[in-house]
Each structure stands twice: as structure tokens, then as C-alpha cells.
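**Q** Okay, predicted coordinates and the sequence, questions at the end:
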Amino acid sequence: MKTVFQDLRYAMRSLLKSPSFATVAILTLALGIGANTAIFSVLHAVLLRPLPYPQPDRIVQLGGSLKNGEPEGYVTGPQFTFFQEHPASAFDSIAAFQPGSLLELKQQDQVSWLTSQRVTEDFFRVLGAAPGLGRTLQSEDMKRGAPPAVVLSDAAWRNVLGANPHVIGTQIELDDRLCTIVGVMPRSFTFVEQPADAYIALQWSDSIGDQGRNTRMIARLKPGVTMAQAQIELNILFQQFPSKNGGVFIGNYQRWLAGEFRVSLVLLFGATGLLLLLACLNIANLLLSRGAFRGREIFIRVAIGAGAGQLLRQFMAESFLLALAGALGGVLAAQWVLAALVSSMPFNFSWAGPIRIDASVLLFTLGTLLVTTVVFGLVSYWQAARNNPITAVGNEERQALRKASPGRVRNVLATCEIALSLALLVGAALLGESLYRLYQEKLGFDPDNVVTMTTPAPARNLTSEQAWNLHEQFLRKIQGLPGVRSAAMVTVAPLTQQANLPAQAFGLHDEEHSIGGTEIRAISEDYFETMRIPILQGRRILQTDQATSALVALVNEALARRWWGNGNPIGQRVVIGKFRGRDLFPNPMPREVVGVVGDVKGRLLMRPAPPTVYIPASQRGDMLNGSTAWVVRTVGRVDIVPSLRQAIKEFDPDQRIPEVRSMKDVVAGSVAGQSFDSVLLSAFASIALVLAAIGIYGVLSLFVAQRTHEIGIRMTLGAEQKQILRLIVGQGLAIGLVGVVVGTAVALGLSRFLSSLLYQIKPTNVLSYLVSAAISVAVAVFASYVPARRAARVDPLAALRYE
């Protein structure tokens, strides 16, 4: 132990004698470790930390898949009912749930708001959760017309009901409905995907929320059953489903929760890994350059009896101190980077629990520290072993430069730095071009000066006619606000949610004229004007299109092309709730097509506009009885938000004030994930370029120092400054060009992992590679210029005496 402390003290004195080297090495390493630690903290919380349920690896997500095989996370109510009635032997239990609205809880003179989930009876069984009080939901609670049953969360029970131990069997009024409390969950339980205060029995209805593709389905695998085995059984069962549209898929629930960010997160972790590798290459180059000046020191140590083992311990001690300082700095940097990441991430990871630097993350950092210690120690020892200690006597600097580590090794390291930085740069360029193309995508509407908000469904004891009258009154109130040009209501606003139902062309029962997931929009008469969606044929919704008049509809271009090709859609009829001749609703009625409108993007900007049917809100009946979106176009850039909030407060004092967003923010939010990936990868690529430039600068600075005498002879024999400048810059250019060739090969190998994140651009996009290569070469030339200019200004006489 005494020897170890002696080695550490000697290593500390050695590093203090080279403060510039130590500072640059520590900062470079801290940068690489900090970025890695921050991204790994998110990766660990989202993908590696188990969900807080018993045997969470057995919980799976079930969903539909489109005809092209692309997973769709939602199923229809009839699909879930089919799998419930035809249970797969692979599952211990299966459940469905739908996000509920905010529920108004009235208690005497007080009003509280509870978040809710509508769930089936086995929901808690799938999650392996038992109630703290009472029971969970049962199959009897799911029957239509059964008294509404609710299970409360521990937080709602404590905060709203005062932790009353006698609440089981009592009734509470939620949205003007009396619901019976049948259970209270323990404090340890939370539904990670979307925590709720109240879990209400899901009683299936004919609404779009239940019949459309708006239901989530989860299951618990039986012990010993794999997802592959369960998938095979599901495929066989699904062949019996009467109205197939696509297929069914199974996936790990935790991975599904991570969603599209799972790919992004793995990509970013890989990028920070490349950044750390580049930082290590940079430090290795610094160590080789520093070792060139330590020949005399090593000779003296060998002369007084130091063996190979002692030298190796010394270098390992120095490397350990560098790695330790870099790791500590990295952890501090990671705290700041992680806070910035979490605050700017456009993804909701509340289900993953706190994202922090915990013991697992510190263990990862410790592993990084140990690896870097060994690598740097071996690099220094290799450098010392190559030098001949006998030649170190005399002018230390001159002898060191003569016997410096071969320039070829340092050139290779610098070339690798350019290659890695190019790989990151190509990734950033591809994502940037993809993001640009997304922003150029046609929305189908004009988002300027438009705001939107969503209000919960009216109380359940209202008829569809009463609900429409209530909405119409509120709409007139909004339209009368100062600064409002027009306003309208719609089932869901563009780029927010989906609201679909099966539909078919009237009288045509073939697959070509049926769509299982037709987007349905119940709108008021001014919707197209407010959103500036062009009417291409026919007419818009009129005030005269009431519940008692003939049923009408408008369709978008996508649906008109699919069903009627070049024919005239006007006068044709569509049936909502019918699929391949089967009635999925009781007595679905045909609607006459009175107009065709332009295509509007659905929930995702990256996907084509979905086939859409627009119907008058006054004719929606009971199938669209959920929440309602409101869109308001203002006269210029007027701040209408305070007026909207005041209007809601005046219209319904008990109504919770919803969030009001501009449609421009909605559009930006739809590409927030791509923007986040692009900005972060661009930042990593920029850091990588700086490190690569430092590496080339260091290599050429030592090259100039080694060749000072040669440069003096050249200049004495008549070489001009521009020739010397060209010589040194040419050396840097060669490193850059070779690095570009190697980096292009690396980028081609890695860019395929970007495919799922790119939009209308291939991973082999030539322009992205050419721009990245040009930037990399420019950085190499720029980094070469400073040592080249210093070489060109060498005094020939002084250089000759340098020998």
C-alpha cells in the first residue's frame, strides 16, 4: 500500500509539472464521460430499470398492425372483446384501458378534479396489483347498464376523501354520475403509463372511442411462454376475427412505453460512445506527444534501478489520476447536462420514475474510469518502451524529438479522430435534412393565428341533442369575442389525436371500398373556413344540416381517390360503422357525400394524410360523445388566450380551464422528437470536430518541432514561406482526406440505424456525405494552418543552430 501511495504522489508531482497537458486531458475526458453518463442515465431509467410491478418482463403490449406490418398501438373495442371471448392459452390475463377525461367530483360545496382511466376487470391482475381496501373491478361491473364502479388511487383517497377507511360501498358524484367506490389501491401502486386518480369500469358503448381504434390492450404472459410463441397463437386466433384490417402484434410493454424515443436514445448513446472514444484518442495522442519529452526522466529512473513493473505502475498511477479527475468532472458535467436534457426532452417519461444519476449510473462511470486508466497507462508505457534510454543523455528536448514516438502512430490516431467526427457529422446532416423536409411537408391547413383547446365530454346524462345545443351556445360565445375572425369545433384537432371508425362506400362490400380506420371528424359549419382547408368540390357544412335533416358528409381527397378514383364523389354515399358489409354499429345509416376537401395531416406529420370523413356535429349522434376540440382564428396576432379562459369561466364556472395552444406550437410539437435528435447529434458532431482539430493541431505542432532543423536547411537553400506552408498544410490535408475515406465507410455502416428516424431521405444521401466531408477537410486544413504558419516564419539561422 505504501508503494501505491508513493506512485500516486510521484504521479501527482509529474502532472503538476505539465499543467497545460493535465488540464486539456482532464477537460477532454470530462466532456466525453459527462455526455456518456447523462445519456446513460436516461437510457437506464427508460429501458433498463424494471417497471414497478411483479415480474414486469411478462407484461406485454398488444396492438393492431397495418397491412404493411407497421405496429399500431391501439385496437378497437370489438377486437379486444374478441380476444377476451377467445382467450389465448399464452396469457395469464388480458385487459384493455382507455385514457379517461378529467372528472368533476362534487362534494357539498366543493369541486375537485380527478384524472381517470377506463379499464376492464383484469387490468390490475395484469399489473400484478392488489387493492389496499375493498376489491378491484369484476366482470359484473363491465356489463352495460351496471351501476358505475370505481377504484380510487391512494392519493385520491387521502387528498380528496380524507383517507376515510369506510369509503368502500359509498357513492361519489363524478360528472353528474353516481359511482360506487369498490376499492382503493395501495400507496405503492401507480399506473406508470398514465397515473390516474380514478379507475372506472369500461362499459363498452357504440361511441367512436369504444368502436374505433382507440383502445390499448395489455396482457401478462404465463410463466415459460415467450412472446414469439404468443405471437403465433395470436395470428391463428386473429384469422377468425370477422372484420380483419391488418393484423395483431405483441411487444415488450416497457419498450413500447419508450416508443419512438427508444431508437433515438440508443442512437444518442452510441453517438456519445463515439464521442468518448474520440476523446480517448485525443488524450492518447497527447500522451504520445508528452512522452517524447520524457526520455531523460525515464533514463534516470531506469539507471537508479526502476524495473518495467515500476515504470508500468507509475504510468498507471498517472493515468488513474487523469481518469479520476476526468470522471469526477464528467459526473459534475453530467448533472448539468442531464438537467438540461430532461427539461428539453419532448417525451413524457414520468412513467420511468426519476431520471437521475444513481448507483447503477455511477457503476457505469466507474467502469469507464477503469478502462480509460488501463488504456492510457498502456499507451504511456508503450511510448517509454520504444525509446532508448541511453540516447536520452544530453539535450533532453533534442534527444526526445529525435526518438519521439513514430509520427505514423500519431497520424493514425488523428485520422481516426477525423473519421469518427465525420460519422457523427453525417448522422447530424441526415437528421437535419430529414427535419427540413418535415417542415416543408404540406399540412393541409394554415396554422397562422390559430389557437386550439380541448374540453372534456359533457355530463353523461345529456342526450346527443342536448350536448350539441350546449356546444353551439359556447361556440357562439367564442365567436363573439373581440379579435376573433372565426371559430369552430371538431372531434380532434389536426396533429393531436386520432378518432377513427370503420367505414365503407354504400353498397360496395369488397375490401377495396372498406377502411377499418377511417378518421371521422364531427365539425361545425365554419371549420373549413377557420382552418383554411380548401373545398375542392361541392359545398361545406351548412346551418341547415341538422339532426332532423338528411345525413350528409364530406370526404377528403385521399378517400375520394381510393374509393371512386377519377369518378365524381358528389352524390355517392358512405356508411360509418359498417365494414365489408357487416354492421359494427346498430343500424348504421348511409350519408350523402356533398363535398370533397383537401387532405389534412392526421396524428403524425410523417405519415400521409389518412382517409377522412367530415360530418356535421349536429348529426353525430352518440358515436362521437367524447371530448371536443375548439379552433379559433384571430384577426392578426391577437392574444386571445385570456379571453378564452374568461369565456369558459363565465359559461361553466365548474369547468376546469384547459390548456390553450397555438396551432404553430402543435405543428412544432409534432416534430419535436426529430428536432431534439437533430440538435443533440449536431452538438455532439460539433464537439467531435473541435476535438479532431485539436488532435491534428497537436500532431502537426510536434511535426514542426521535430523538423525545425530540416525546415531551416530548406529555407537556406531557397525554399519560400509558401512552400513550407504548403508542406505542413499538405500533411494536415492528407490526414483529413484519409480520415474522410475511413469515416465515410464508418458512416455508411452506421447510418442504416438511422433509417427509422429519417423522412423522405435515404441513409446514403450523397449531399449529406459531401457536405460532411467538405466540413471535415476544411477543419483539418484550418487546424494545420497555425503550426504551418509558425513553421513558415522560422529563422533559418536559428533553425540550423537547433541541431
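**A** Everything's here; your move. Numbers count the residues shown, from 1 in each chain.
**Q** Any stretches of the stretch 601-750 of the chain with poor pLDDT?
**A** Residues of the stretch 601-750 of the chain meeting the criterion pLDDT under 70: 622-626, 705-712, 714, 716-719.
**Q** Pull the contacting residues for Gly483.
**A** Thr634, Val635, Gly636, Val638, Ile640, Ser643 (C-beta atoms under 8 Å, 6 or more residues apart in numbering). (Each C-beta comes from the backbone N, C-alpha and C, glycine too.)
**Q** Show me which pair in the residues you listed is furthest apart.
**A** Gly636 and Ser643 (14.4 Å; C-beta to C-beta).
**Q** For the stretch 51-200 of the chain, just list every one of the strands.
**A** Using DSSP state E, counting those that start in this stretch, the strands of the stretch 51-200 of the chain run over 59-65, 71-72, 75-76, 91-99, 103-107, 110-114, 116-119, 133-134, 149-152, 171-174, 177-184, 198-201.
**Q** Look up how far Val4 lies from Gly581.
**A** 83 Å (C-beta to C-beta, to the nearest Å).
**Q** no no, Gly367
**A** Gly367 is 21 Å from Val4, where distance means C-beta to C-beta.
**Q** Please apply the same query to Leu757.
**A** To Val4, Leu757 is 48 Å away according to C-beta to C-beta.
**Q** So which of those two has more stuff around it?
**A** More neighbours surround Leu757 than the other of Leu757 and Val4, with 22 against 12 (other C-beta atoms under 10 Å).
**Q** Might you report the residue contacts of that one?
**A** Val263, Ser264, Leu267, Leu431, Ser434, Gln674, Asp677.
**Q** okay, now the domains of this protein?
**A** Domains of the chain are assigned by automatic domain parsing as 1-49+260-405, 70-245, 406-441+664-803, 457-655.
**Q** Now distance to Val450 too, for the ones you listed, in CSV please.
**A** Below are those laid out as CSV (distance: least, C-beta to C-beta, whole Å):
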stretch, distance to Val450
domain 1-49+260-405, 21
domain 70-245, 23
domain 406-441+664-803, 8
domain 457-655, 5
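**Q** Could you list the buried residues of the helix or strand hosting Glu650?
**A** Take DSSP states H and E as the rule and Glu650 turns out to sit in helix 641-651. By neighbour count on 16 or more other C-beta atoms under 10 Å, the buried set for helix 641-651 is Ser643, Leu644, Ala647, Ile648.
**Q** With respect to Ser776, which of those residues is nearest?
**A** Among the buried residues of helix 641-651, and counting by C-beta to C-beta, the member closest to Ser776 is Leu644, at 51.2 Å.
**Q** How many residues are close by Leu43?
**A** Close neighbours of Leu43, defined as other C-beta under 10 Å, add up to 22.
**Q** got a list of what it touches?
**A** Leu265, Val266, Phe269.
**Q** Now, of those residues, which are buried?
**A** Buried residues within those, counting neighbours by 16+ other C-beta under 10 Å: Leu265, Phe269.
**Q** In helices, which of the contacts of Leu43 fall?
**A** Leu265, Val266, Phe269 (DSSP state H).
**Q** how deep is the residue nearest to Pro186 when sequence neighbours are not counted tucked in, by neighbour count?
**A** Sequence neighbours aside, Gly132 is the residue nearest to Pro186 in space, at 3.7 Å (criterion: C-beta to C-beta, 6 or more residues apart in numbering). Around Gly132 sit 16 other residues, with neighbours defined as other C-beta under 10 Å.
**Q** Quick check: Gly132 touching Pro165?
**A** No: contact criterion C-beta atoms under 8 Å: Gly132 and Pro165 do not qualify, at 10.3 Å.
**Q** Show me where the stretch 451-600 of the chain dips below the pLDDT cut-off.
**A** Low-confidence segments of the stretch 451-600 of the chain, defined by pLDDT under 70: 458-461, 511, 584.
**Q** Which residue ranges of it form helices?
**A** Assigned by DSSP state H, counting those that start in this stretch, the helices in the stretch 451-600 of the chain fall at 464-479, 527-531, 557-564.
**Q** Check which residues of the last one are buried.
**A** Neighbour-count burial for helix 557-564, counted by 16+ other C-beta under 10 Å, picks out Glu557, Ala558, Leu559, Ala560, Arg561, Trp563, Trp564.
**Q** From Phe528, how far out is the residue lying closest to Pro534 once chain neighbours are set aside?
**A** Closest residue to Pro534 apart from its sequence neighbours, by C-beta to C-beta, 6+ apart: Gly598 at 4.5 Å. Distance from Gly598 to Phe528, counting by C-beta to C-beta: 9 Å.
**Q** Who has more neighbours out of those two?
**A** Phe528 (21 against 18).
**Q** what's the distance between the closest residue to the more buried one other than its chain neighbours and Arg645?
**A** Leaving aside its chain neighbours, Phe528 sits nearest to Arg540 (5.4 Å; criterion: C-beta to C-beta, 6+ apart). According to C-beta to C-beta, Arg540 and Arg645 sit 29 Å apart.
**Q** just Ala271 next, same as before
**A** Per C-beta to C-beta, Ala271 is found 43 Å from Arg645.
**Q** circling back: who's in contact with the residue nearest to Phe528?
**A** Arg540 makes contact with Glu525, Phe528, Glu529, Leu554, Gly595, according to C-beta under 8 Å, 6+ apart.
**Q** Output these in CSV; the columns should cover distance to Ala499.
**A** What follows is the contacts of Arg540, written out as CSV (distance: C-beta to C-beta, whole Å):
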residue, distance to Ala499
Glu525, 19
Phe528, 17
Glu529, 21
Leu554, 16
Gly595, 20
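**Q** Which members of these are classed as buried?
**A** The neighbour-count criterion (16+ other C-beta under 10 Å) marks Glu525, Phe528, Leu554, Gly595 among the contacts of Arg540 as buried.
**Q** Could you pull up the residues touching the nearest residue to the first one once chain neighbours are set aside?
**A** Counting by C-beta to C-beta, 6+ apart, Glu525 lies nearest to Ile541, which is 4.5 Å off, once chain neighbours are set aside. When contacts are counted by C-beta under 8 Å, 6+ apart, Ile541 touches Ile523, Ser524, Glu525, Tyr527, Phe528, Val552, Leu554, Tyr614, Pro616.
**Q** What is the nearest of those to Phe83?
**A** Nearest to Phe83, judged by C-beta to C-beta, of the contacts of Ile541 is Tyr614 at 32.0 Å.
**Q** Who does that closest one form a beta bridge with?
**A** Beta bridges link Tyr614 to Arg521, Leu554, judged by DSSP bridges.
**Q** Tell me, how many residues neighbour Arg620?
**A** Around Arg620 there are 22 other residues, counting by other C-beta under 10 Å.
**Q** How about Pro658?
**A** By the criterion of other C-beta under 10 Å, Pro658 has 18 neighbours.
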